[in-house]
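**Q** When you get a sec, could you give me coordinates for this:
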Amino acid sequence: MNQKKVGKQTYLFSRPLPILSSAAVVGKKEGDGPLGNYFDEIVLDPLYGERSWELGESKMVRRAMDLALAQINLAYGDLDIMFGGDLLNQIIAANFAARHVPVPFFGLFGACSTFSEALALAGIALDGDFVSQVLVTASSHYQTAERQFRYPTELGVQRKPTAHWTVTGAVATIVGSSGSGVALTGITVGQVIDMGIKDVNDMGSAMAPAAVDTIQQHLQDTGRQPSYYDVIATGDLGSLGKGLAQDMLAEAGYDVENNYTDCGVLIFNPDQDTHAGGSGCACSAAVFSGYFYPRLMNGNLQRMLLVSTGALLSPTSYQQGESIPAIAHAVAIEKV
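**A** Reported below is the predicted structural model:
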């Protein structure tokens with residue numbers, strides 16, 4: 001039997017699993033940011049021509065799926081399975097997108113860690129030879145998240161400096177079972193970490209310990225140093241959480257000053273008034289798809305560790321005064 005588990009929480013695949021294509025569709029604010037030129041499409045209307053923001057988000061998922069398939073001239077019938085999720089109750093953006101396509105579907109909720117979670121599950125299914133081609137999706141939307149988790153946007157509630165701005169966007173990525181190029185090579189499955197933080201306007205501080213826990217565990221399990229990777233990118237800790245994570249890793253003996261970044265910091269400019277930075281399922285997904293994936297493809301990067309981070313709360317839980325559990329899943333992605 002081929003033992004693929006390494007250490008406590010890490011699994012190294014028996015072969016590289018190539019990312020065949022990836023497409024990112026984002027909103028206007030994301031298009032106005034520093035990475036705007038890297039995304040496949042920019043949608044100026046947050047409704048995307050639909051009657052609600054939720055349907056608009058789901059339409060963005062469908063558009064990203066169409067683009068990812070078109071990049072490699074595949075049809076939906078060529079896909080074996082789909083893993084997808086979002087931030088909405090009952091993950092309706094993903095569910096409503098999946099109802100339009102003839103692909104077996106697993107709906108996922110990992111909060112903003114969903115993209116790495118979906119890639120990890122795709123890798124397990126592919127490396128186990130259960131499937132040959134897998135579609136992964138992740139989406140979020142500023143207006144839908146504000147309505148569900150915070151306040152109606154029409155109310156105009158002032159946001160705290162530690163608050164994040166949910167990324168409007170959808171990403172679809174197709175992963176195959178064999179080949180060369182940019183590939184998944186391993187995963188570290190995160191544990192739920194709860195440090196007792198209750199402030200829903202400071203998600204970065206709640207999620208940073210989970211990110212650090214997963215990164216540390218990945219390095220311990222594999223015996224690697226942070227320098228093995230050209231870049232280690234967390235999902236959406238934002239400016240506050242990124243600094244906290246970097247300090248915690250330094251205290252643990254890991255120097256990541258030269259190769260650590262955060263997708264929530266990268267996606268917006270400071271003058272865009274997003275406060276702590278970006279968040280949402282689409283944050284790590286869009287930054288990977290639009291920015292990091294092409295850099296891996298052209299050889300500017302050889303190895304990266306993508307660590308999407310998620311705050312596992314609900315409106316009910318924080319209204320009841322519960323603390324915010326968090327999770328982070330790591331995916332090793334390399335040019336092979």
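**Q** Show me what the lowest-mean-pLDDT helix or strand in the chain is packed up against.
**A** Least confident helix or strand, the chain: helix 142-149 with a mean of 84, by mean pLDDT, DSSP states H and E. On a contact count with 3 or more Cβ pairs under 8 Å, 6 or more residues apart in numbering; DSSP states H and E, helix 142-149 meets helix 53-71, strand 165-166. Where you see a C-beta, it was placed from the backbone N, CA and C, and this is true even at glycine.
**Q** Give the buried residues for the longest one.
**A** Read that as helix 53-71. Using 16 or more other Cβ atoms under 10 Å as the test for burial, helix 53-71 gives 53-65, 67-69.
**Q** Below-threshold pLDDT in the stretch 51-200 of the chain: ranges please.
**A** Under the criterion pLDDT under 70, the flagged ranges of the stretch 51-200 of the chain are 150-158.
**Q** What segments of it are strands?
**A** Secondary structure of the stretch 51-200 of the chain (DSSP state E, counting those that start in this stretch): strands at 81-85, 105-108, 133-140, 165-166, 169-176, 182-188.
**Q** swap in the stretch 201-336 of the chain?
**A** Using DSSP E, counting those that start in this stretch, strands in the stretch 201-336 of the chain cover 231-234, 260-262, 278-279, 303-311, 326-335.
**Q** Let me have the strands of the stretch 51-200 of the chain in JSON lines, extended by mean neighbour count and distance to Tyr254.
**A** Formatted as JSON lines, these follow (neighbours: other Cβ atoms under 10 Å; distance: least, Cβ to Cβ, whole Å):
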{"stretch": "strand 81-85", "mean neighbour count": "25", "distance to Tyr254": "30"}
{"stretch": "strand 105-108", "mean neighbour count": "17", "distance to Tyr254": "29"}
{"stretch": "strand 133-140", "mean neighbour count": "30", "distance to Tyr254": "27"}
{"stretch": "strand 165-166", "mean neighbour count": "26", "distance to Tyr254": "29"}
{"stretch": "strand 169-176", "mean neighbour count": "30", "distance to Tyr254": "28"}
{"stretch": "strand 182-188", "mean neighbour count": "24", "distance to Tyr254": "14"}
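**Q** would a markdown table of these with distance to Leu237 be doable?
**A** Formatted as a markdown table, these follow (distance: least, Cβ to Cβ, whole Å):
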| stretch | distance to Leu237 |
| --- | --- |
| strand 81-85 | 20 |
| strand 105-108 | 21 |
| strand 133-140 | 15 |
| strand 165-166 | 13 |
| strand 169-176 | 18 |
| strand 182-188 | 17 |
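**Q** what's the single longest strand in the protein?
**A** Ranked by residue count, the top strand of the chain under DSSP state E comes out as strand 10-27.
**Q** I'd like to know which of the strands of the stretch 51-200 of the chain is closest to Tyr260.
**A** For these, the distance to Tyr260 is smallest for strand 182-188, at 15.8 Å, taking Cβ to Cβ.
**Q** Which elements pack onto that closest one?
**A** If you count contacts as 3+ Cβ pairs under 8 Å, 6+ apart, strand 182-188 packs onto strand 10-27, helix 114-127, helix 203-222, helix 293-297, strand 326-335.
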